[in-house]
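S.K.: I need the structure of the sequence given here:
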Amino acid sequence: MKKNKLVKRLLLIFVALVAVACVVVPLPYYIEEPGDTINLKELITVNDQKDDQKGSFSLTSVGIRRATVFTMAKAKFEPFYEIISAEDLTGGASDEEYLQIQQFYMETSQNFAIEQAMKLANKPYEMKYKGVYVLGVEKNSNFAGKISIGDTITKADGKEFTSSDEFMKYVKSQKVGQEMKVTYIHDGKTKEATEKLIKLPTDKKPGIGISLTDHTEIESQEKVKINAGSIGGPSAGLMFTLEVYQQLVDKDLRHGQKIAGTGTMDSEGNVGRIGGIDKKVASASASGAKIFFAPNDEITKEMKKAQPGIKSNYEEAKAAVKKLDTDMKIVPVKTAQDAIDYLAQMK
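M.R.: Predicted coordinates for the structure are as follows:
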């Protein structure tokens, strides 16, 4: 009898441990789900003034969390929930590197949004080049372990540059195996590293072995502050643009409406495709938004070939609204000007 009781007790402990593991132990997967819809009045000020017009412009987000057995099972039955592998989400980057890249994309989206708002409002500004932002470091790079994702390279051999293109031309004009001194900023501190250049597999030219982009910052007499906190990624660009523009021109663009949306913003004012738009539509609808701006992106033949059945963000957003059975209106936009034109005709 004592032996049977011991077996039962051990079995109960085992079952309890399995149940805890299903709920707590993380797996190499993530769950994407509807995130927050955030009123941009809370995040943005222009010349130390808040937006006091009626209605709201709101960014929408996708919630991402590590998956467990329990949450993966739940995601199979929840609408607008999706299971995604760690590799697909981060591209092989560590969690820290992924967050750094997402923060850079957020910073860039803010710069482009402010730039477009300045252009649309006819306000003077200057885009200042800060250096080369490091998006990735090749494993065979001699600078690996010194230069990291998220660092900003400011000089090569003591020379400064005005763009990443100019920087790359200089590096490629050197010789494979030649030593190069690179000055960079890491965690706010200026550092230097001297290593040999490698032969790049793409064009057989000498290189440091990094993927890069311009690190820029906008300067203007207009004091625009965007406090996005821990929100990352580039997808709030359009909505940042509209909120900053409304404050710069000090006009009621919304006419009291609660307006949400998504889409990247580039230096030409184009609204770009984003991921997880169905989840953002669900979030916006739950928040009470009545209008949702969605990128009306072009689907090329190459994209259709690579991913049969692919739809534009606008088509995905319309499908999500139909699934939700909501009266929220989806408005397709290709540029920031398209969104402003739509707002003008709402009167």
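
S.K.: Show me the shaky parts of this structure.
M.R.: 1-26, 347 (pLDDT under 70).

S.K.: helix, strand or coil for the residue nearest to the spatial centre of it?
M.R.: The residue lying closest to the centre of the chain (CA atoms, centre = their mean) is Gly233, at 1.3 Å. Following DSSP: H, G, I helix; E, B strand; the rest coil, we place Gly233 in the coil state.

S.K.: Ok, the one 5 residues further on next?
M.R.: Remark: Leu238 carries the secondary structure label helix [criterion: three-state DSSP].

S.K.: And the strands in the stretch 151-300 of the chain?
M.R.: Applying DSSP state E, counting those that start in this stretch to the stretch 151-300 of the chain gives strands spanning 152-156, 179-186, 189-196, 198-199, 206-207, 210-219, 224-226, 258-261, 264-265, 271-272, 291-295.

S.K.: ok, residues contacting the fifth one?
M.R.: With contacts defined as CB atoms under 8 Å, 6 or more residues apart in numbering, strand 206-207 is touched by Met168, Val171, Lys172, Gln174, Lys175, Val176, Gly177, Gln178, Leu197, Ile198, Lys199, Leu200. C-beta here means a position set from N, CA and C on the backbone, and glycine is covered the same way.

S.K.: Are any of those residues buried, and if so which?
M.R.: Met168, Val171, Gln174, Leu197, Ile198, Leu200 (16 or more other CB atoms under 10 Å).

S.K.: Pick the one among the residues you listed closest to Gly91.
M.R.: Nearest to Gly91 among the buried ones among the contacts of strand 206-207 is Leu200, at 19.4 Å by CB to CB.

S.K.: my guess is that closest one meets Gly209, correct?
M.R.: Yes. When contacts are counted by CB atoms under 8 Å, Leu200 is listed as touching Gly209 (7.3 Å).

S.K.: The residue nearest to the centre of the chain contacts Phe104, correct?
M.R.: No. Gly233 is beyond contact range of Phe104, at 9.8 Å (criterion: CB under 8 Å).

S.K.: I'd like the strands of the stretch 151-300 of the chain as CSV, with distance to Phe143 appended.
M.R.: Output for these, formatted as CSV (distance: least, CB to CB, whole Å):
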stretch, distance to Phe143
strand 152-156, 10
strand 179-186, 7
strand 189-196, 5
strand 198-199, 9
strand 206-207, 10
strand 210-219, 7
strand 224-226, 32
strand 258-261, 40
strand 264-265, 29
strand 271-272, 31
strand 291-295, 36
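
S.K.: Nearest to Pro124 among the ones you listed would be which one?
M.R.: strand 210-219 (9.9 Å).

S.K.: Adjacent strands (with direction) for that closest one?
M.R.: strand 126-137 (antiparallel) (DSSP bridges).

S.K.: relative to strand 179-186, how tilted is the partner strand?
M.R.: Relative orientation of strand 126-137 and strand 179-186, computed by axes from the mean of the first three to the mean of the last three CA atoms, to 10 degrees: 110 degrees.

S.K.: Show me which residues of strand 126-137 are buried.
M.R.: Here strand 126-137 shows Met127, Tyr129, Gly131, Val132, Tyr133, Val134, Leu135, Val137 as buried, counting by 16+ other CB under 10 Å.

S.K.: What of stretch 256-268?
M.R.: Gln257, Lys258, Ile259, Ala260, Gly261, Thr262, Gly263, Thr264, Met265, Asp266.
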